[in-house]
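Trainee: Provided below for reference: sequence and predicted model.
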Amino acid sequence: MRDAAHGRRPLRVVLAEDGVLLRDGLTALLERFGHRVVAAVGDAPALLDAVRAHDPDVVVTDVRMPPGFTDEGLHAAVRLRGERPGLPVLVLSQYVQRAYAAELLDSGDGTGVGYLLKDRVGQVAEFVDALDEVAAGGTVVDPEVVRQLLRRRRDPLERLTPREREVLALVAEGRSNGAVARALVVSEAAVGKHIGSILTKLDLPPAQDVHRRVLAVLAYLRE
Amino acid sequence: MRPRTVWQALARPDYLLSSWPWRAVGHLLTGVVLGVVVLAGLVGLVAAGGLLAVVLVGLPLLGLTAFAGLPVAAVERWRLGWLGEGPGPAGTDAARLTAHADPPAPGLRSWLGIRLREAATWRELGHALLTGFLLWPVEALVVTVALVCPGALVATPLLLATAGEGRELKVLKAVTVTGQAQACALAALGLVALAAGLYGVGVAAGARAGLTRLLVLPRAGEAEARVRELARSRVRLVEAFEAERRRIERDLHDGAQQRLVALSMALGLARLDAPPDGPLAAQLARAHAQADAALAELRELIHGIHPQVLADYGLAAAVADAADRSPVPVATEVDLPERLPAAVEAAAYFVVREALANVARHSGARRARVRGAHRHGRLVLEVEDDGRGGADPATGSGLTGLGDRVSVLDGRLAVTSPPGGPTLLRVEIPCATQPTADDPCA
């Protein structure tokens, strides 16, 4: 467990979650790690208003909220990213739905977004890490989404070796090269070589190095 | 082939030896009893109503006579069944098929309104009046002439020996018999008359049943209206079933799932505060793992009841999601730019899911493919695999129930699976496309 006080930039968070129990729990959790919840709301229109009023560093929202209890939170998040390019948004979903993740990652340039299963908030340290990653402009996709996508083995993913798929799965979860190297117990140079090979096989041009990682993830999420 | 109605039985040489003459006799005798009861009931109702009319209480009683035909008709439908003339096979729903429609709403007012407007109500009242005032004396007469008189003739030798003390007897108050030779001749005549009488009874019962059918069974147009109503109620049943699934899904999502997430979060925070490497940390870690496992199971359960992606994104996304979850790689080509009615989407989705589950379980396939499109007013979906084939949709698979569900929507489900494969499942449902629902946030 990483200490709450170490190396974290305190973030101003707008939280949208319709369950009171969870809203209070998440507020307590975020504040335990030194962040400040500037507004905690229970539906999508209130989320739009809160973001306009508070201009937060990052938004955390549930997919399903009143009034329709379908995907209002997701649509509000996409809309906010249209209004404020670069606004980091972390979306929590009760289920893994590729369609949700794809819609979210298509908003803006695919950076500063996260899509996680709601269950993950139980892994508090990992959850807060993911929030930091998103707030810093990273892309975080739930491991479950990645697992489902890898199972499909569609082109062009068929061209990847099993090891390269493993690497891509970890990159899609928002890990840095160093973290991938630690997870697979290989050198960072080896990871860099794998990533280079992945990017080539996925026909991603060698410009804009940072965004290519994101594009590689997006390659999974599109047909 | 066994005769199914009294008319078929009458045409056969073994009519007299079968049970049909006695069924006919039973029909006429119960008809007499019914007629007497109806007569007494109608007279009593009208008399009581007339007497009480002065204090106004009688007026509703008089009004009630308008519906007197309904219970009589119900008894008649049951009696018709005995003669094989009922609306359907005994013991089935069809045997209770009436000419009446179901009231559109609960309550007495709605029931009265629909019954008073129906021709069947008045036909059945006419039938009750015929039964009570005209038919039962005729039936009694037929039974007397056809059975009692020949019976008396047959019994002549016996009666002569006992009541007539062997010397003289007046038979049927008409013929005087003075010796056993005459008596035996009369008995022989009686047997012939009895046989003829039983045929007569059969004809009378058949005619009576025919008249009853005409008055109390649904007519062609009414039967079609009933079938349409039954089809509509089946659709309503499926819709109610679907709404109930959604409600259960929502309740689990808003209740148990939220609490479990909160519990997992509380355990996660507690683990941060517990001294590392102590016994408490280990126990908390176990409890946390249990809570997460329960959450994962609940998530799968809720997804199985009614997937949220189907409601939010429609059939194409839900099929892609089902394909994602399949252990056998599935390629999907579902081209549906517009949403379909919810009942159609749900039926089609559950068919695809069941088909993919069968592919994974039984087919031994390495690949499967789902194709779908909306063409010429029909949704057409195909699930194909490269497995060993030989699948029989009739044996135990969940597809039978899904076939019923598709047929409620006037659709068709067909499976071709020759031994050696490939297996192709095709579902077609007629439906109109619907414009995509507006974004509530926009």
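Mentor: Okay, I see it.
Trainee: OK, contacts around B:Leu263?
Mentor: Contacts of B:Leu263 were listed using C-beta atoms under 8 Å, 6 or more residues apart in numbering or on different chains, and they are B:Ala291. Glycine gets a C-beta too; all of them are placed from N, C-alpha and C.
Trainee: what about the stretch 51-200 of chain B, any weak spots by pLDDT?
Mentor: Counting by pLDDT under 70, the stretch 51-200 of chain B contains low-confidence ranges at B:87-97, B:166.
Trainee: the same query, at a cut-off of 80, please.
Mentor: By pLDDT under 80, the low-scoring segments of the stretch 51-200 of chain B are B:54-58, B:82-106, B:163-179.
Trainee: over to chain A?
Mentor: Applying pLDDT under 80 to chain A picks out residues A:1-8, A:67-70, A:95-103, A:105-110, A:144-161, A:172-176, A:196, A:199-223.
Trainee: quick one: neighbours of B:Asp277, just the number.
Mentor: Residues within reach of B:Asp277, counting by other C-beta atoms under 10 Å in any protein chain shown, total 7.
Trainee: B:Glu333 and chain A: what is the separation?
Mentor: According to C-beta to the nearest C-beta, to the nearest Å, B:Glu333 stands 10 Å off from chain A.
Trainee: where does the nearest residue to B:Gly398 once chain neighbours are set aside sit: helix, strand or coil?
Mentor: With sequence-adjacent residues excluded and distances taken as C-beta to C-beta, 6 or more residues apart in numbering or on different chains, B:Gly398 is closest to B:Glu354, at 4.8 Å. State at B:Glu354, reduced to three classes by DSSP: H, G, I helix; E, B strand; the rest coil: helix.
Trainee: tell me the contacts of A:Arg81?
Mentor: So A:Arg81 contacts A:Leu87, A:Val89, A:Ser107, A:Gly108, A:Val113 (C-beta under 8 Å, 6+ apart).
Trainee: can you list the residues you listed in JSON lines and add neighbour count, distance to chain B and secondary structure?
Mentor: Putting the contacts of A:Arg81 into JSON lines (neighbours: other C-beta atoms under 10 Å in any protein chain shown; distance: C-beta to the nearest C-beta, whole Å; DSSP: H, G, I helix; E, B strand; the rest coil) gives the following:
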{"residue": "A:Leu87", "neighbour count": "21", "distance to chain B": "15", "secondary structure": "coil"}
{"residue": "A:Val89", "neighbour count": "27", "distance to chain B": "14", "secondary structure": "strand"}
{"residue": "A:Ser107", "neighbour count": "19", "distance to chain B": "13", "secondary structure": "coil"}
{"residue": "A:Gly108", "neighbour count": "19", "distance to chain B": "17", "secondary structure": "coil"}
{"residue": "A:Val113", "neighbour count": "27", "distance to chain B": "17", "secondary structure": "strand"}
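Trainee: buried stuff in the helix or strand encompassing B:Glu244?
Mentor: Per DSSP states H and E: B:Glu244 is located in helix B:220-252. By 16 or more other C-beta atoms under 10 Å in any protein chain shown, the buried positions in helix B:220-252 come out as B:Glu222, B:Arg226, B:Val238, B:Glu242, B:Arg246, B:Glu249, B:Arg250, B:Leu252.
Trainee: which of these come close to chain A?
Mentor: Under the cut-off given by C-beta under 8 Å from any C-beta of the partner chain, chain A has B:Arg250 from the buried residues of helix B:220-252 close to it.
Trainee: which of the buried residues of helix B:220-252 sits closest to B:Ala346?
Mentor: Closest approach between these and B:Ala346, by C-beta to C-beta: B:Glu242, at 5.5 Å.
Trainee: who's in contact with that closest one?
Mentor: By C-beta under 8 Å, 6+ apart, B:Glu242 lies in contact with B:His306, B:Ala342, B:Ala343, B:Ala346.
Trainee: again, 6 Å this time
Mentor: Neighbouring residues of B:Glu242 by C-beta atoms under 6 Å, 6 or more residues apart in numbering or on different chains: B:Ala346.
Trainee: that one and B:Cys431, how far apart?
Mentor: To B:Cys431, B:Glu242 is 15 Å away according to C-beta to C-beta, to the nearest Å.
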